[in-house]
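Chemist: here is the input, now give the coordinates:
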Amino acid sequence: MASRMFSRGVTSLVLLSSLASPSFAGGLERGGYNIDQLFDTSPFSFQSGVTYVTPQRKLKDVRDTNTSILTGGGNLSSRPDTADDTSNYTIPYIGFKAGFGDAVDCLVDYSEPFGAHTSPGLNWAGANDNIETEIKTRNYGGTCSYRFDVGPGQLRFIGGAFYQEVEGFKERLVSTLPLLLGTGTGVGRLDIDDSGWGWRAGLAYEIPEYAMRASLVYNSRVKYDDLSGTVDLRQVPVVPLYGGLVTPVSGSAEAPDSLELKLQSGIAPDWLAFGSVKWTNWSVLQSVAFCPTNGLPCPAGGLTSLDLLYRDGWTISGGIGHKFNEQWAGAVSLTWDRGTSQGYGAQTDSWTLGLGAAYTPTEHIEWRFAGAVGVLTSGSSGAVTRNGVTYGDDVSYSFDDDLVAALSTSIKIKF
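Modeler: Below is the predicted model:
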């Protein structure tokens, strides 16, 4: 039988493992939503952490498939047919949990659940598709739970809300004609931002004596109904009607809803098994069109668009944790992410191995550190047709299996 001290010491490694193994394949997934701190057994706890991720996606066999000098950047076939697509990034987290009596726990937290940053640059054959794209989110959440005795354990009802901000930009080579005429660089830029609200609800059942917990949590969509910004074509004066101007634009999109099942249980003294299955509704993001808001006509498909064409994501993870002594514990996990790209884009399946440790010098302080290494599987990208519309016809490319690595550290203060 696992002791209560085992439950307090080792079960926290489930959170550590998830921080060490961020999702590398699913849509715009970064840190995702994580409320594991809500289950901390201390009356109060403060936690702060950061994960640093280094994906190494490299594109090859790049071919310019839209050589129009006005809208396709011109013929870029003489440029390099390889590119480093991805950029390193960090995932911060801050949370404060408080318990009220024997039944109510609440958590307020800051996280960055979604994001993306690709930066292949200007000097490659696909610059007409992408020079640099970055999307960031900031999430401010509040979640509470109410628990009561049921059978040998406790049933917990979970509910909460979160406010989410999004901002981003994309640059691409619209035309090479301004370079030839000496009137600009030919690069166009889209800037956007918006904010919205979401909510979560769930259930959990716990038997502390066995370090057993099962939780099921749903996170709602976040609607960005006023995703607005500008399209800057001052460096592309040759584009009819919009060239040489900064045009205000707007569109709409949704951050996906998700459903996650997490399981853990003591399997022997000082040993814990854990696992999770998560579905994320990335298929809500297909093509996000942006139309002018200043009275100018909107071309078919928008003045510009963010074409994603995602399918739903699935993440399955499992692992083992072990408490070595009163100060040290460790965990190992394996995670599979189903890629969300469907012939367009470079988000294929990934496999990730995570290793983590926790050091508890006193009963009030816990320091966690972890690492992960994974494989981004191979594939290709090119033109695809959805509902009679062709996307991805600017450039085609392929990619081999690539490596990804991550380092994570956090500190928790309990009182």
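Chemist: for the residue lying closest to L177 once chain neighbours are set aside, give me the pLDDT.
Modeler: Leaving aside its sequence neighbours, L177 sits nearest to V238 (Cβ to Cβ, 6 or more residues apart in numbering; 4.8 Å). Placement of C-beta: from N, CA and C, glycine included. As summarised for this prediction, V238 has a pLDDT of 92.
Chemist: V238 reaches T176, doesn't it?
Modeler: No: between V238 and T176 there is no contact under Cβ atoms under 8 Å: 9.8 Å.
Chemist: more neighbours: which of the two?
Modeler: Each of V238 and T176 has its neighbours counted (other Cβ atoms under 10 Å); T176 has more, 23 against 19.
Chemist: now do the contacts for that one.
Modeler: I69, G73, G74, L76, G186 (Cβ atoms under 8 Å, 6 or more residues apart in numbering).
Chemist: how about 10 Å then?
Modeler: Residues in contact with T176 (Cβ atoms under 10 Å, 6 or more residues apart in numbering) are 67-70, 72-76, 127-128, 185-186, 236, 238.
Chemist: wait, S78 touches A127, no?
Modeler: No: assessed by Cβ atoms under 10 Å, S78 is found out of contact with A127, at 11.8 Å.
Chemist: more neighbours: which of those two?
Modeler: Higher neighbour count among S78 and A127: A127, with 27 against 8, using other Cβ under 10 Å.
Chemist: and the more buried one, what pLDDT?
Modeler: 96.
Chemist: are we agreed that it is in a strand?
Modeler: No: under DSSP: H, G, I helix; E, B strand; the rest coil, A127 falls outside any strand and is assigned coil.
Chemist: and it, how far from T65?
Modeler: 13 Å (Cβ to Cβ, to the nearest Å).
Chemist: straight-line length of stretch 102-115, end to end?
Modeler: In stretch 102-115, first residue to last residue: 38 Å (Cα to Cα, to the nearest Å).
Chemist: and for S78 and A127, which residues touch both?
Modeler: Common neighbours of S78 and A127 (Cβ under 10 Å, 6+ apart) are D64.
Chemist: from what I see, P292 and L241 are in contact.
Modeler: Yes: assessed by Cβ under 10 Å, P292 is found in contact with L241 at 9.4 Å.
Chemist: show me what contacts G72?
Modeler: D64, T65, N66, N128, D129, L173, V174, S175, T176, D393, D394, V395.
Chemist: 6 Å instead, please
Modeler: N66, N128 (Cβ atoms under 6 Å, 6 or more residues apart in numbering).
Chemist: could I get the pLDDT score of it?
Modeler: At G72, pLDDT is 85.
Chemist: where does it fall, secondary structure wise?
Modeler: Under the criterion of DSSP states H and E, G72 resides outside all helices and strands.
Chemist: so how far is D64 from it?
Modeler: On the measure of Cβ to Cβ, G72 and D64 end up 8 Å apart.
Chemist: so for A127 and T65, which residues contact both of them?
Modeler: Joint contacts of A127 and T65 (Cβ under 6 Å, 6+ apart) do not exist.
Chemist: mind checking which of the contacts of T176 are buried?
Modeler: G72, G73, G74, L76, A127, N128, G186, V236, V238 (16 or more other Cβ atoms under 10 Å).
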